[in-house]
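Asker: Test case, fold it:
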Amino acid sequence: MDATRPPLPRLAAAAAAVTLAVAGVVVAAITGGGPGPEPAAAPAGATTVASGSGPARAVGWAPWDRDAAGRPLRWDPCTPVRFVLRADGAPPGAEADLAEALRRLAAATGHDLHLVGTTDEAPAADRPLVVRTAEGWRWAPVLVAWAAPGAGGTPLGPHDRGVAVPVAVRDGDRHALVTGQLVLNAARTDLRPGFGDRADAWGATLLHELGHLLGLDHVDDPAQLMAAAPGAGPVALGSGDLAGLAAVGADGGCVATPSPTVGRGLG
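Answerer: Here you go, the predicted structure:
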């Protein structure tokens with residue numbers, strides 16, 4: 001992406017209070033990065049749903065979890081997925097790398113993955129799920145931030161490159177991924193901007209963690225970027241990655257997503 005384009009607009013940090021209890025709603029907090037997936041802390045008062053890491057891990061792709069009908073949990077492809085970037089602590093080229101990763105994943109999924117601005121908001125395990133706008137309540141945009149391991153109670157370990165924490169909400173027969181956070185390890189100064197080699201490129205890390213955020217689990221095939229340890233080589237989505245991204249993408253049609261007003265009761 002052209003580095004000379006105007007900077008993204010700055011957005012206020014999410015500050016919506018989520019204190020009401022809502023019956024029948026389940027939040028799944030999901031992590032990725034490091035040697036294998038581990039459960040993250042769900043927002044207080046929410047119920048954690050076990051992740052789905054079954055035999056499918058041995059093939060080209062695996063869903064992180066499934067809905068009641070057995071389909072992979074997905075974002076609604078008929079609604080843009082909004083992202084904000086916390087520039088504080090980010091390495092040089094972070095905005096361009098994130099934009100390029102979103103472009104590649106949008107092409108693979110058919111989702112509208114939209115980087116809407118920058119923010120001062122820091123990652124936090126108890127981050128509100130919704131924000132109030134002039135148009136009413138909305139699911140909070142996905143926060144992408146570089147931070148120290150464990151910042152804000154997030155499950156980023158000292159040796160991880162990054163951790164993805166997507167949030168899925170179920171309200172009756174409406175069940176979908178609705179928001180999340182992607183926290184990158186600011187202490188990993190051994191990683192380089194761009195998409196040069198998966199061994200040391202921030203671009204590879206972004207594609208991998210965003211793959212988790214969009215609904216993919218780790219796999220055992222080192223040829224895929226979603227492998228727990230993808231090793232070295234070109235930063236390119238493998239055949240399994242592409243098949244998985246298509247399965248959680250627009251080909252499955254629209255997803256009935258819970259109303260953002262439900263998110264006011266979770267926190």
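
Asker: Now do the helices in the protein.
Answerer: Secondary structure of the chain (DSSP state H): helices at 94-109, 202-213, 239-247.

Asker: So for the residue nearest the centre of the chain, what's the pLDDT?
Answerer: Central residue of the chain (CA atoms, centre = their mean): Leu213, 2.7 Å from the mean position. According to the prediction, Leu213 has pLDDT 97.

Asker: Then Ala69?
Answerer: On the pLDDT scale, Ala69 gets 89.

Asker: sorry, back to before: need the winner for burial among the helices of the chain.
Answerer: helix 202-213 (a mean of 26; mean count of other CB atoms under 10 Å). For the C-beta atoms, the positions are set from N, CA and C on the backbone; glycine is no exception.

Asker: and that helix, how far from the chain's centre?
Answerer: 8 Å (CA atoms, centre = their mean, to the nearest Å).

Asker: who's in contact with the residue nearest to Ala223 when sequence neighbours are not counted?
Answerer: Ranked by CB to CB, 6 or more residues apart in numbering and with sequence neighbours excluded, the top spatial neighbour of Ala223 is Gly238, at 4.9 Å. Residues in contact with Gly238 (CB atoms under 8 Å, 6 or more residues apart in numbering) are Gly60, Asp221, Ala223, Gln224, Leu225.

Asker: mind checking how far Gly238 is from Gly194?
Answerer: Gly238 sits 19 Å away from Gly194, going by CB to CB, to the nearest Å.

Asker: Same question for Asp88.
Answerer: Distance of Asp88 to Gly194, given as CB to CB: 21 Å.

Asker: quick one on the thing from earlier: same list (the helices of the chain) but as CSV, adding distance to Asp67.
Answerer: Listed next are the helices of the chain as CSV, based on distance: least, CB to CB, whole Å:
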stretch, distance to Asp67
helix 94-109, 17
helix 202-213, 17
helix 239-247, 13
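
Asker: out of those, nearest to Trp64?
Answerer: When the helices of the chain are compared by CB to CB, helix 202-213 sits nearest Trp64, at 6.8 Å.

Asker: What helices and strands are in contact with that closest one?
Answerer: Using 3 or more CB pairs under 8 Å, 6 or more residues apart in numbering; DSSP states H and E as the contact test, the elements touching helix 202-213 are helix 94-109, strand 162-171, strand 174-185, helix 239-247.
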